[in-house]
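# let's see this in three dimensions:
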Amino acid sequence: MRGRALVLDRTQGNCLICHQLPEPNEPFQGTIGPDLAGVASRLDMGQLRLRLVDASLLNPRTVMPPYFRNQGLRDVAPAFRDRPALTAQEIEDVVTYLASLRTP
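Numbering: from 1, shown residues only. Okay, here's the model as predicted:
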């Protein structure tokens, strides 16, 4: 699943730096953001998408980076300047993966 690969990729999605996932073989999972186990039981696909695109629309003080917005940002690495961190298709792939994480 492409979305899972992006979420677990420590260089591209890098979700594990802040979040925990139901991935027991992945070490060093973060605790800054909410645990994503069962996230689809709490948020629908639109809510997940909005948080990925630009979580600051919901909480201006969030530490979660915008994965699609690329304007008005500071301290952006040259590789990401003037382009989103994830493409629209990659956002959809991650949303699809996260939408599969339901509480049993």
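# kindly list the longest helix within this structure.
Taking DSSP state H as the criterion, the chain has its longest helix at helix 88-99.
# flag every buried residue along that helix.
90, 91, 92, 93, 94, 95, 97, 98, 99 (16 or more other CB atoms under 10 Å). Any C-beta I mention is one placed from the backbone N, CA and C, and that applies to glycine too.
# next one: the fourth one from residue 9, what distance?
Read it as residue 93. Computed as CB to CB, to the nearest Å, the residue 93 to residue 9 distance reads 11 Å.
# model confidence over the longest helix of the chain, on average?
Averaged across helix 88-99, pLDDT comes to 97.
# same check on stretch 59-79?
86.
# do the same with stretch 25-35
95.
# and the longest helix of the chain, how far from the chain's centre?
Relative to its parent chain, helix 88-99 has a centroid offset of 9 Å by CA atoms, centre = their mean, to the nearest Å.
# who does that helix touch, helix- and strand-wise?
helix 2-8, helix 45-54 (3 or more CB pairs under 8 Å, 6 or more residues apart in numbering; DSSP states H and E).
# contacts for that helix, please.
Defining contact as CB atoms under 8 Å, 6 or more residues apart in numbering, one finds that helix 88-99 is touched by 1-4, 6-7, 13, 36, 39-40, 45, 48-49, 52-53, 67-68, 86.
# and residue 27, how far from residue 21?
From residue 27 to residue 21 the distance is 12 Å (CB to CB).
# those two: who's more crowded?
Under the criterion of other CB atoms under 10 Å, the comparison of residue 27 against residue 21 puts residue 21 first, with 20 against 7.
# show me the contacts for the closest residue to that one other than its chain neighbours.
With sequence-adjacent residues excluded and distances taken as CB to CB, 6 or more residues apart in numbering, residue 21 is closest to residue 36, at 5.0 Å. By CB under 8 Å, 6+ apart, residue 36 lies in contact with 15, 19, 20, 21, 22, 98, 101.
# before we move on, what about residue 39?
With contact set as CB under 8 Å, 6+ apart, residue 39 has these partners: 48, 98, 101.
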